[in-house]
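Q: Show me how the following folds:
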Amino acid sequence: MAQYYIGKNNQQLGPFEVHQLLANGLTPDTLVWCSGMSEWQMARNVPELAGLFGAQQQPQQFGGYQQQPYQQPYQQPYQQPYQQPYQQPYQQPYQQPYQQPYQQQYGYANYMNSNYEDQYLAANGERPQVGFGDAIKICFNKFADFTGRARRSEYWWFYLFNFLVSSFTAGFGSLVCFIPMMAVSVRRLHDTGHSAWWYFWPVIIATIYSFTFLPLLFYGLVHGKEVPINVGMIASFIIALVLIIWSIVLLVFCLKDSDPEENEYGPSPKYQ
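A: All right, here's what the predicted structure looks like:
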């Protein structure tokens, strides 16, 4: 009887006789070989061994019980565990923090507060304007100060105060405001880069006229002299014309904005 070798788990087992093959794990797909075979073959393709499997598949009976053929237990197919789809975590939309809107603050204390002025200058590019009451206090604090510079708001508010005082006191109040008005006028000229002589030249010219041509005109009128009258009238006309033109020039200077840069009279009171 032929003896067969079994190829199992990359090992060659045997030789075994035919009736020993099933006991040594022979299955239809097991590779076998015996002498006379050209190559290894599956057991179900060997005619001598194929009958073993037909007999093996017949159910065996033990005491009237018919043994059922072995069935591979059912295995649940593998399913990928459910994963919650990724959701971007909610982010609170960015909100600009609330900022208290800037409110103009007035008062002499605020005007003299350098920290307040510096904050206003950084936010607006210029210092806060001088109010009516602030201008009066500043000009009287600088009663005879002819140095430094003065802004338009300081000058014109005090000019208005001088006009109101003169109007309600029949001109007597202007005597109190005369020196501070002269001082703030000079500081206003400094603020636009002009010398104080622009303010004092008309005063000098008017003074010279008062002591020369005006007495000459008065003498001619009293004594009926024609030459003094003519000279005095011509001089009066020329002086009046010069003073009018000079006043217009001074008005333009006082209406000009502050020089943004520091000049020979000090830093800009508006932009620095």
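Q: use CA for all of it now, contacts and neighbours both
A: Will do.
Q: Tell me which stretches of this protein form strands.
A: 4-8, 11-16, 31-33, 41-42, 61-62, 65-66 (DSSP state E).
Q: Would you mind finding the most buried of those strands?
A: strand 31-33 (a mean of 23; mean count of other C-alpha atoms under 10 Å).
Q: Can you list the neighbours in contact with that strand?
A: Tyr4, Tyr5, Ile6, Gly7, Lys8, Glu39, Trp40, Gln41, Met42, Ala43 (C-alpha atoms under 8 Å, 6 or more residues apart in numbering).
Q: Can you list the strands that that strand pairs with?
A: If you go by DSSP bridges, strand 31-33 pairs up with strand 4-8 (antiparallel), strand 41-42 (antiparallel).
Q: On the pLDDT front, check Gln88 for me.
A: We have a pLDDT of 78 for Gln88.
Q: quick one: it and Tyr94, what's the gap?
A: Relative to Tyr94, Gln88 is positioned 16 Å away (C-alpha to C-alpha, to the nearest Å).
Q: do the same with Ser268
A: Relative to Tyr94, and taking C-alpha to C-alpha, Ser268 is found at 42 Å.
Q: Which one of these two is surrounded by more residues?
A: Ser268 (22 against 6; other C-alpha atoms under 10 Å).
Q: residue boundaries of the helices in this structure?
A: Per DSSP state H, the chain carries helices over the ranges 18-21, 47-57, 108-112, 114-124, 132-141, 152-168, 173-191, 197-211, 213-223, 226-255.
Q: if you average pLDDT over each of the ones you listed, which comes out lowest?
A: helix 108-112 (a mean of 46).
Q: pretty sure Ala196 is in contact with Val186, am I right?
A: Yes - assessed by C-alpha atoms under 8 Å, Ala196 is found in contact with Val186 at 5.3 Å.
Q: ok, the two, which is more surrounded?
A: Val186 (26 against 18).
Q: In contact with that one, which residues?
A: Phe146, Thr147, Ser195, Ala196, Tyr199.
Q: any idea which residue sits dead centre in the chain?
A: In the chain, the C-alpha nearest the mean C-alpha coordinate belongs to Gln96, at 10.8 Å (C-alpha atoms, centre = their mean).
Q: Check the spacing between Leu189 and Ala43 real quick.
A: Counting by C-alpha to C-alpha, the gap from Leu189 to Ala43 is 125 Å.
Q: higher neighbour count, these two?
A: Taking neighbours as other C-alpha under 10 Å, Leu189 and Ala43 compare with Leu189 leading, 26 against 21.
Q: In contact with the more buried one: list those residues for me.
A: Applying C-alpha under 8 Å, 6+ apart to Leu189 gives the contacts Arg149, Ser195, Ala196, Trp198, Phe253, Cys254.
Q: now do 7 Å
A: Ser195, Ala196, Phe253, Cys254 (C-alpha atoms under 7 Å, 6 or more residues apart in numbering).
Q: now Glu17
A: Ala2, Gln3, Tyr4.
Q: Check Pro128 too.
A: So Pro128 contacts Glu117, Tyr120 (C-alpha under 7 Å, 6+ apart).
Q: go with 8 Å
A: Contacts of Pro128 by C-alpha under 8 Å, 6+ apart are Tyr111, Glu117, Tyr120, Leu121, Lys270.
Q: separation between it and Ser258?
A: Pro128 is 13 Å from Ser258, by C-alpha to C-alpha.
Q: And Gly51, by the same measure?
A: From Gly51 to Ser258 the distance is 123 Å (C-alpha to C-alpha).
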